[in-house]
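Asks: have a look; sequence and predicted model below, questions after that.
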Amino acid sequence: MNAGMQRGISVIIPALNEEESIGAVVQECLTTGLPDEIIVVDNGSTDCTAERAQIAGARVVTEPTPGYGRACAAGVRALSSQTTIVVFLDGDGSDCPEFMKQLVDPIAAGTHDFVIGSRTRGQREPGSMNFQQIFAGQLAGWLMSILYGVRYTDMCPFRAIGREALEKLSMKEETYGWNLEMQMKAARLGLRILEVPVNHRRRTGGVSKVSGTLRGTLVAGARIIATFVRIAAKKL
């Protein structure tokens, strides 16, 4: 039995039209030897994302209504009953699965509940993050340090969380505010949080749904702001 099966590690990859990159992402995750299962959530793709993910070794589930948070939630609903640690990462090839061990080990050891990668503290390939992404992550981190005393430097999608801890968060956000909601609720609930540096690359194919267009950037920004206000103003 490999380490992934011993620790019940599941990887969730939300994907929308990522046929160029998704196969390699799944293979890189498998190469780590950690996951017991890899779930790719096809979020309404019109290309061959689902087929290529399945060929690469992932289990594919479908969430036809677009929305990053909806896709992540669909992946959570599809988790194996044996899962104890959940890893999230993007399907565009920008995250580096070789850092998965640094994310899951503190949770498996019982010292932390939530471990998030920080692209700003790791090595970034030129052009992999724009100014807006870096600024938004640092601003949100500064505001959360004021609210909850927990300082994040990024809203990186590459993260791991214990399943029991994830269930306690009662995630609601259906779109781009999912990552921020998780970080805010984890801090507010007093979870044991660790941030670790991870490397980051330019996407290996396709077009970014957020930073690839002005409209995508504005829509994502609006949802993130709305999520911050909602979580900051309400109780869990």
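Replies: Yes, it's here. Numbers count the residues shown, from 1 in each chain.

Asks: C-alpha only now, for contacts and for neighbours.
Replies: Will do.

Asks: grab the most central residue of this structure for me.
Replies: Central residue of the chain (CA atoms, centre = their mean): residue 157, 3.1 Å from the mean position.

Asks: leaving out sequence neighbours, find the closest residue to it.
Replies: Counting by CA to CA, 6 or more residues apart in numbering, residue 89 is the residue found nearest to residue 157 once chain neighbours are left out, at 5.4 Å.

Asks: please apply the same query to residue 203.
Replies: residue 94 (4.6 Å).

Asks: contact partners for residue 44?
Replies: Taking CA atoms under 8 Å, 6 or more residues apart in numbering, we find residue 44 in contact with 16, 17, 62, 63, 64, 65, 66.

Asks: tell me the pLDDT of it.
Replies: Looking at residue 44, its pLDDT is 97.

Asks: for residue 64, see how far away it is.
Replies: In this view, residue 44 and residue 64 are 4 Å apart by CA to CA, to the nearest Å.

Asks: now residue 55
Replies: Residue 55 sits 20 Å away from residue 64, going by CA to CA.

Asks: contacts only, for residue 203.
Replies: Taking CA under 8 Å, 6+ apart, we find residue 203 in contact with 92, 93, 94, 128.

Asks: need the buried ones from those residues selected in ChimeraX.
Replies: Restricted to buried positions by 16 or more other CA atoms under 10 Å, the ChimeraX selection for the contacts of residue 203 reads:
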select :92,93,94
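
Asks: just the contacts of residue 203: which has the poorest pLDDT?
Replies: residue 128 (89).

Asks: surely residue 123 touches residue 129?
Replies: No - shown here, residue 123 and residue 129 do not form a contact pair, counting by CA atoms under 8 Å, at 11.1 Å.

Asks: more neighbours: the two, which one.
Replies: Using other CA atoms under 10 Å as the criterion, residue 123 and residue 129 rank with residue 129 on top: 18 against 13.

Asks: once you drop chain neighbours, what's closest to that one?
Replies: Among residues not flanking residue 129 along the chain, residue 202 sits closest, at 7.7 Å (CA to CA, 6+ apart).
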